[in-house]
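Undergrad: Let me see the structure of the following:
(chains A and B)
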Amino acid sequence: MNNQNKWFWIFLSPVILALGIVVVVPFVYGFVFSFTDWNGLTATSFVGFEHYLNLFQEEEFMSSIWFTVKFSIVTVILLNVFGLCLALIVTRKIKSNNLLRTVFFMPNLIGGLILGFIWQFIFISVFGDVGNLLGLEGMGGWLSTPETGFWGLVILTSWQMAGYIMIIYIAYLENIPKDLIEAARIDGASALQRFKSITFPLVAPAFTVSMFLTLSMAFKIYDQNLSLTNGGPFNSTQMVAMEIVRTAFSDNEMAYAQAKAVIFFLIVAVIALTQVYYNKKREVDM
Amino acid sequence: MKMNKERKNLFSVEVLGLVLGLIWIAPFYLMIVNAFKTKREIFTGVIGFPESLALENFVQAFRDLEFLKSLFNSLLITGVSVAIIILFSAMAGYALARNKSKLSGIIFFVFVAAMLIPFQSVMIPLVSLFGQADLLNAAGLIFMYLGFGCSLSIFLYHGAMTGIPKSLDEAAIIDGANRFQLFWYIIFPLLKPISVTVGILNVIWIWNDYLLPSLVLGEANATIPLKMFFFFGEYTKQWHLALAGLTLAIIPVIIFYFFAQKQIIKGVSEGAVK
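TA: Numbering: from 1, shown residues only, chains lettered A, B, ... in the order given. Model prediction:
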């Protein structure tokens, strides 16, 4: 090994070691163990595809997947609508634009666990109080039905992450040449026309970026789920990530949980690879 | 006439923005005002200001959260993890960017591809392996953060290296510097802007992480989010205490945001767009 090679490996060894031990080895191990009767420590026999066949029959797992899919679709749409609207507001020449950026972004810095607890208070006590004032029954029961629990999670996540998506849209909006919009204005284009024909097409690439970003964020949510609804009532608001954690650490079915984790990986990987594909395609088109 | 319309337009945008801003901040307002109320006061009304300041809520939350201890644990774990992620990822990004061999390209690809793997897909074997090695403690947790955090960080450093000319390396080597001196005294300081970005992204993630510490650390060494989880479970429906605890837990983040706001927003936007 020459000198050139030696320092290359020395510089890389800490991260190769860490990635190998923390991600690669457990990933391969987990994949292999998902075909056995592994109990977390030892495996005695191969069971083939048994876990995989079972998990598609399991109502709780399948309903957690559907819940996550529904949640992700609704959240992605709302996050992008809110994110773009907030970005359009704070990129105008208004006095409070810096203050507003600070405010909208703030929830992103605080962990989902803590935010979920705060919103638990809001959905139970504040909504209950406001409901009483307005004479509406059952406003305080937001987290005790599956439908309102679903919307509770959507509201929490949209509120938390819209400021993050706003930042992405701001980056694209501020790259639009000012004179382009000014020229269109002088030519008599209305605000709506300017948005439709200039702003929107130039911001379109941001949609791809933030759509996939939000999709994979929404799909992997755990903390908010745990602290806001804890999966309840009766596991009806339980998302995939939480379902896997519970199967492993509450039910102690390690190999079975790992099979679910492999399916989870496949779904997330397909989302991410689709994004890479679209990004490449767009670059070629441009 | 036209100018007037434009100004009116801008005014309504401003009003809309401020209304949304108030909605956005309302949860924090509700948390803080109710943290100062007694249990009875919360029961009679949650919207208004407290009649008197029930500071004893904070005293009890501070004690039961073992706040200073949890804060210390959070600071230690986040600080050490982020420091080694920055150092080792910068070294790796530098080595990978300078070495143009096929093998180097493959290694870089493996790091980037590892970003596809969600935490839950490796969590179970990871905890089992570290448990068997007796490493379910703060040191093990820090090493795990290096493993999970290095991919994105290396990716960002690798990108930033394109802006640093190779002639710098050659000049330093001719002057008799070895690779470590070259990296430490010349390359690493030039990478400072991206180090700030890498640092901020990892601080936000590690500081707030709940699931991994909950699997690795016991209650005795809990970080703030982990302790908060236990605390909240103990005081279900005792909102005056729970909210005081949540307020305490948020204070460090608000201080961080106050001092580093510009860099945070810049860092997050760089990390997301790439």
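Undergrad: In contact with the closest residue to chain A within the stretch 151-274 of chain B, which residues are there?
TA: Chain A sits closest to B:Asn208 of the stretch 151-274 of chain B, with a gap of 3.0 Å, by CB to the nearest CB. All C-beta atoms are positioned from the backbone trio N, CA, C, and that covers glycine. Contacts of B:Asn208 were listed using CB atoms under 8 Å, 6 or more residues apart in numbering or on different chains, and they are A:Leu109, A:Ile110, A:Gly111, A:Gly112, A:Leu113, A:Ile114, A:Asp223, B:Pro225.
Undergrad: can you pull the pLDDT of it?
TA: pLDDT for B:Asn208: 95.
Undergrad: Give the residue spans of the stretch 1-150 of chain B that score low on pLDDT.
TA: Counting by pLDDT under 70, the stretch 1-150 of chain B contains low-confidence ranges at B:1-3.
Undergrad: What segments of it are helices?
TA: In the stretch 1-150 of chain B, the helices defined using DSSP state H, counting those that start in this stretch lie at B:2-35, B:39-44, B:56-64, B:67-98, B:102-114, B:119-132, B:138-161.
Undergrad: Looking at those helices, which is nearest to chain A?
TA: Closest of those to chain A is helix B:138-161, at 2.6 Å (criterion: CB to the nearest CB).
Undergrad: So is the closest one next to chain A?
TA: Yes - if you take CB under 8 Å from any CB of the partner chain as the test, helix B:138-161 does meet chain A, through B:Phe143, B:Met144, B:Leu146, B:Gly147, B:Phe148, B:Cys150, B:Ser151, B:Ile154.
Undergrad: any idea which of those residues has the most stuff around it?
TA: Among the residues of helix B:138-161 next to chain A, B:Ile154 has the most neighbours (other CB atoms under 10 Å in any protein chain shown), with 30 neighbours.
Undergrad: Pull the contacting residues for it.
TA: So B:Ile154 contacts A:Val15, B:Ser89, B:Ala92, B:Gly93, B:Leu96, B:Phe108, B:Phe111 (CB under 8 Å, 6+ apart).
Undergrad: Quick check: pLDDT value at it.
TA: Confidence score, pLDDT, at B:Ile154: 97.
Undergrad: Check the spacing between it and B:Val112 real quick.
TA: Distance of B:Ile154 to B:Val112, given as CB to CB, to the nearest Å: 8 Å.
Undergrad: Next: A:Ile170.
TA: Going from A:Ile170 to B:Val112 by CB to CB gives 26 Å.
Undergrad: So between the two, which is more surrounded?
TA: Set side by side, A:Ile170 and B:Val112 show more neighbours around A:Ile170, with 22 against 15, by other CB under 10 Å.
Undergrad: nearest spatial neighbour of B:Leu141, skipping sequence neighbours?
TA: B:Val216 (4.7 Å; CB to CB, 6 or more residues apart in numbering or on different chains).
Undergrad: cool, and A:Met166?
TA: Using CB to CB, 6+ apart, the closest residue to A:Met166 is A:Leu86 (4.2 Å).
Undergrad: and if you look at A:Gln120?
TA: Nearest residue to A:Gln120, sequence neighbours excluded (CB to CB, 6+ apart): A:Leu228, at 5.8 Å.
Undergrad: Return the residues in contact with that neighbour.
TA: Counted by CB under 8 Å, 6+ apart, A:Leu228 has contacts A:Gly116, A:Phe117, A:Trp119, A:Gln120, A:Phe123, A:Leu143, A:Gly152, A:Leu153, A:Leu156.
Undergrad: The third one: what secondary structure?
TA: By that I understand A:Trp119. What DSSP: H, G, I helix; E, B strand; the rest coil gives for A:Trp119 is helix.
Undergrad: how about the nearest residue to it, chain neighbours excluded?
TA: A:Leu156 is the one closest to A:Trp119 (CB to CB, 6+ apart), at 4.8 Å.
Undergrad: Would you tell me what helix or strand the one you found is located in?
TA: Using DSSP states H and E, A:Leu156 sits within helix A:146-173.
Undergrad: what's that helix packed up against?
TA: Secondary-structure packing of helix A:146-173 (3 or more CB pairs under 8 Å, 6 or more residues apart in numbering or on different chains; DSSP states H and E): helix A:59-90, helix A:97-105, helix A:112-121, helix A:200-219, helix A:223-228, helix B:2-35, helix B:239-273.
Undergrad: And the nearest residue to B:Ser214 once chain neighbours are set aside, how far from B:Leu217?
TA: Setting aside the residues directly before and after it, B:Ser214 is nearest to B:Leu226 in space (CB to CB, 6+ apart), at 5.6 Å. Distance, B:Leu226 to B:Leu217, using CB to CB: 6 Å.
Undergrad: circling back to that earlier point, immediately after the helix holding A:Leu156, which helix or strand?
TA: Scanning forward in sequence from helix A:146-173 by DSSP H and E, the next helix or strand is helix A:178-186.
Undergrad: What residues sit buried inside that following helix?
TA: Residues of helix A:178-186 classed as buried: A:Ile181, A:Ala184, A:Arg185 (neighbour count, 16 or more other CB atoms under 10 Å in any protein chain shown).
Undergrad: Pick the one among those closest to B:Phe119.
TA: Of all those, A:Ile181 has the smallest distance to B:Phe119: 42.9 Å, by CB to CB.
Undergrad: what's the pLDDT at residue 214?
TA: Since no chain was named, I'll use chain A. A:Thr214 is given a pLDDT of 89.
Undergrad: Oops, wrong one, chain B.
TA: Listed pLDDT for B:Ser214 reads 95.
Undergrad: Surely it touches B:Met228?
TA: No - look at B:Ser214 against B:Met228 with CB atoms under 8 Å: they stay out of range, at 11.0 Å.
Undergrad: Neighbour count for these two, which is higher?
TA: Taking neighbours as other CB under 10 Å, B:Ser214 and B:Met228 compare with B:Met228 leading, 26 against 21.
Undergrad: ok, now how distant is the residue nearest to that one when sequence neighbours are not counted from A:Met161?
TA: Leaving out its chain neighbours, the residue that sits closest to B:Met228 by CB to CB, 6+ apart is B:Ala249, at 5.2 Å. Taking CB to CB as the measure, B:Ala249 falls 20 Å from A:Met161.
Undergrad: before we move on, the earlier item: which residues sit in contact with the residue nearest to B:Leu141?
TA: B:Val216 is in contact with B:Val127, B:Phe130, B:Leu136, B:Asn137, B:Gly140, B:Leu141, B:Met144, counting by CB under 8 Å, 6+ apart.
Undergrad: do you know how far it is from B:Ala138?
TA: B:Val216 is 8 Å from B:Ala138, by CB to CB.
Undergrad: again with A:Ile124
TA: Taking CB to CB, one finds A:Ile124 at 35 Å from B:Ala138.
Undergrad: hang on, the earlier thing: does the residue nearest to A:Met166 really touch A:Phe104, like I thought?
TA: Yes - contact status for A:Leu86 versus A:Phe104: in contact at 5.2 Å, counting by CB under 8 Å.
Undergrad: Touching both of those two, which residues are there?
TA: Common neighbours of A:Leu86 and A:Phe104 (CB under 8 Å, 6+ apart) are A:Ala162, A:Gly163, A:Met166, B:Leu20.
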